[in-house]
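A.B. asks: Got a sequence here, can you build the structure:
(chains A and B)
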2 protein chains.
Amino acid sequence: MNGSKRIMDRALEEARAAAARGEVPVGAVIVLDGEVIAQAGNRTREFNDVTAHAEILAIREASAKLGSERLIDADLYVTLEPCAMCAAAISFARIRRLYYGAEDEKGGGVDHGGRFYAQPTCHHSPEVYSGIAEQEAASILKDFFANRR
Amino acid sequence: MNGSKRIMDRALEEARAAAARGEVPVGAVIVLDGEVIAQAGNRTREFNDVTAHAEILAIREASAKLGSERLIDADLYVTLEPCAMCAAAISFARIRRLYYGAEDEKGGGVDHGGRFYAQPTCHHSPEVYSGIAEQEAASILKDFFANRR
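C.D. replies: Numbers count the residues shown, from 1 in each chain, chains lettered A, B, ... in the order given. Presented below is the predicted three-dimensional model:
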């Protein structure tokens, strides 16, 4: 659990860096065999790309690095509950464990909405651990939206 | 409807080209103001990228072309029912109408599984028209998987 918090701290740094760029502050880190192999923050505005969520960018970076579309035995850390798009991509990439920070009642796809991993159309479900550095992740988002108003 | 079939024919061509590359044969086309602004076939194997579904590649191409992450008033044609990942990306991109060919009972996310557009976590739903060139789309997939065995 201390190890999980330490890695989530890197995801939180990515979230803060995203906020500084004017992006919705979400960060993600992928770990394989105890080593960080990819990390990213949300860049949807910068890239004009709705798919450029932190999780998708991290998965694409990790796959490019490993030369494999499947990230067997890799774990993904993300500051916010993944949306339906990212939940499905995490499944397709065969991520072993998903650690997330704050819940996303409005847009989450893991423990809200279509709950992708509970569907018969989901063919690989990661182990899911939620609430890692939850308050810190939530306050970064809250501050970001408060400042935008 | 004739116009829809004509555009779906281009998506079917993309699907056949994907099959020829050894990719699961799915093709997508995006139309804005009567003009094709993006078209793509599945390239997950070529790119080592689980997110490189036809719909995602077409959305990214259209967004790059328009310089906008939102594809307001654009319509997306795809030969197979989108998965949860693509269904969500289509929603995020604010696609107006989704036309799809064959249903995907095992992996679809529009009319199967989490049915993203019916969820309270979905904040934009395209109009959905299914069954466009359904048999042709299904037979391209069936032939592909039969040949792989």
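A.B. asks: how many neighbours does A:Ala64 have?
C.D. replies: A:Ala64 has 14 neighbouring residues, counting by other Cβ atoms under 10 Å in any protein chain shown. Placement of C-beta: from N, CA and C, glycine included.
A.B. asks: One more: A:Leu98?
C.D. replies: Neighbourhood size, A:Leu98 [other Cβ under 10 Å]: 24.
A.B. asks: where does the most centrally placed residue in chain A fall, helix, sheet strand or coil?
C.D. replies: Most central in chain A under Cα atoms, centre = their mean is A:Val78, positioned 3.2 Å from the mean C-alpha point. For A:Val78, the secondary structure call by DSSP: H, G, I helix; E, B strand; the rest coil comes out as strand.
A.B. asks: what's across from it in the sheet?
C.D. replies: Applying DSSP bridges to A:Val78 gives these bridge partners: A:Ala28, A:Tyr100.
A.B. asks: Any part of stretch A:110-118 near chain B?
C.D. replies: Yes - contact of stretch A:110-118 with chain B is found when judged by Cβ under 8 Å from any Cβ of the partner chain, involving A:His112, A:Gly113, A:Gly114, A:Arg115, A:Phe116.
A.B. asks: quick one: the residue nearest to the centre of chain A and A:Leu98 touch, right?
C.D. replies: Yes - A:Val78 is within contact range of A:Leu98, at 7.5 Å (criterion: Cβ atoms under 8 Å).
A.B. asks: looking only at pLDDT, what's the mean for stretch A:50-61?
C.D. replies: Averaging pLDDT along stretch A:50-61 gives 98.
A.B. asks: close to chain B, is that stretch?
C.D. replies: Yes - counting by Cβ under 8 Å from any Cβ, chain B has neighbours in stretch A:50-61: A:Val50, A:Thr51, A:Ile56, A:Ile59, A:Arg60.
A.B. asks: wait, isn't the third one in contact with A:Met85?
C.D. replies: If I follow you right, that is A:Ile56. Yes - A:Ile56 lies in contact with A:Met85 (Cβ under 8 Å); the separation is 7.3 Å.
A.B. asks: Can you turn the buried part of the residues of stretch A:110-118 next to chain B into a PyMOL selection?
C.D. replies: Buried residues among those (16 or more other Cβ atoms under 10 Å in any protein chain shown), as a PyMOL selection:
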select buried, chain A and resi 112+113+114+115+116
